[in-house]
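Visitor: have a look at this prediction, sequence included:
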Amino acid sequence: MQSTENKILYRIYGRGRGWVFFAKDFSAEFGSVNIDKALSELTKQGKIRRICRGMYDYPKYSDLLGQELSPDFDQVAWAFARKFNWRIQPSGDAALNLLGLSTQVPGKYVYLSDGPNRKYAISSYKLEFKKTALKEIGFKHRESGLIVQALKSLGKEGISSDVIDNIRTQLEPEKFGKILKDTKTVSGWVYCCIKEICWEGARGIEL
């Protein structure tokens with residue numbers, strides 16, 4: 001029979017490089033003592049990396065640089081969300097970065113959350129969670145909130161046809177109609193931009 005260590009490693013590898021996790025991510029299948037021992041041993045073996053207290057990742061590796069890359073900020077944010085059962089939404093630079101609308105590497109990434117205000121220092125950046133109204137994070141589809149926050153961050157004057165096209169090309173065709181439905185409560189120019197992004201792809205879909 002496989003050991004707990006091998007079973008956990010199999011699940012980690014299944015998530016792929018870059019995945020960030022806590023011991024709690026395995027608590028439905030294994031006992032806490034066995035999980036802690038397994039993660040400690042896997043860290044010693046260099047198969048996973050300890051990022052901060054209780055948090056680990058299966059690091060991505062750059063052949064060009066010949067070294068492991070820094071932890072993925074979005075993976076870190078979602079690991080915290082799973083641990084504390086928060087609903088979160090990337091905001092500002094985080095949203096722009098995830099949509100490829102900014103090539104800058106900010107020193108701080110902000111996420112809206114239905115949990116308490118929290119700040120964490122991870123690797124070379126800071127991660128901040130800001131408590132906010134549920135309407136800001138209550139979208140059914142992750143892409144919806146991501147687009148809304150990115151557009152708000154750019155501001156009405158910062159929206160160009162290139163921005164619209166860039167966002168549109170990153171969405172799967174079946175998502176257009178769902179995003180239009182999901183964001184109907186968004187008012188003003190933001191929803192106008194969303195319609196421009198999604199309308200062509202949503203033709204023929206009953207909204």
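Guide: Right, received. Where do you want to start? Numbers count the residues shown, from 1 in each chain.
Visitor: contacts, neighbours, all on C-alpha from now
Guide: Fine.
Visitor: what's near enough to touch residue 13?
Guide: residue 58 (C-alpha atoms under 8 Å, 6 or more residues apart in numbering).
Visitor: pull the CA atoms of the helix or strand harbouring it into CSV?
Guide: Assessed by DSSP states H and E, residue 13 sits inside helix 4-15. The C-alpha trace of helix 4-15 is given here as CSV (Å, rounded to 0.1, in the frame of the first residue of the first chain):
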residue,chain,number,x,y,z
THR,A,4,0.5,8.8,3.3
GLU,A,5,3.6,10.7,2.1
ASN,A,6,3.4,9.2,-1.4
LYS,A,7,-0.4,9.7,-1.6
ILE,A,8,0.0,13.3,-0.7
LEU,A,9,2.8,13.8,-3.2
TYR,A,10,0.7,12.2,-5.9
ARG,A,11,-2.1,14.7,-5.2
ILE,A,12,0.4,17.6,-5.3
TYR,A,13,1.9,16.5,-8.6
GLY,A,14,-1.6,16.2,-9.9
ARG,A,15,-2.2,19.9,-9.3
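Visitor: assign residue 51 to helix, strand or coil.
Guide: strand (DSSP: H, G, I helix; E, B strand; the rest coil).
Visitor: in the helix holding residue 13, what's buried?
Guide: 4-5, 8-9, 12 (16 or more other C-alpha atoms under 10 Å).
Visitor: so how far is it from its chain's centroid?
Guide: 22 Å (C-alpha atoms, centre = their mean, to the nearest Å).
Visitor: ok, back up a step: tell me the two of the buried residues of helix 4-15 that are most distant?
Guide: Of all pairs drawn from the buried residues of helix 4-15, the greatest distance, 12.3 Å, lies between 4 and 12 (C-alpha to C-alpha).
Visitor: right, and residue 43 touches residue 49 too?
Guide: Yes: the pair formed by residue 43 and residue 49 meets the contact definition of C-alpha atoms under 8 Å, at 5.6 Å.
Visitor: other residues contacting stretch 108-125?
Guide: Contacts for stretch 108-125 (C-alpha under 8 Å, 6+ apart): 51-52, 70-71, 73, 77, 86-94, 106-107, 126-134, 136-137.
Visitor: could you confirm residue 21 falls within a strand?
Guide: Yes: assessed with three-state DSSP, residue 21 lies in a strand.
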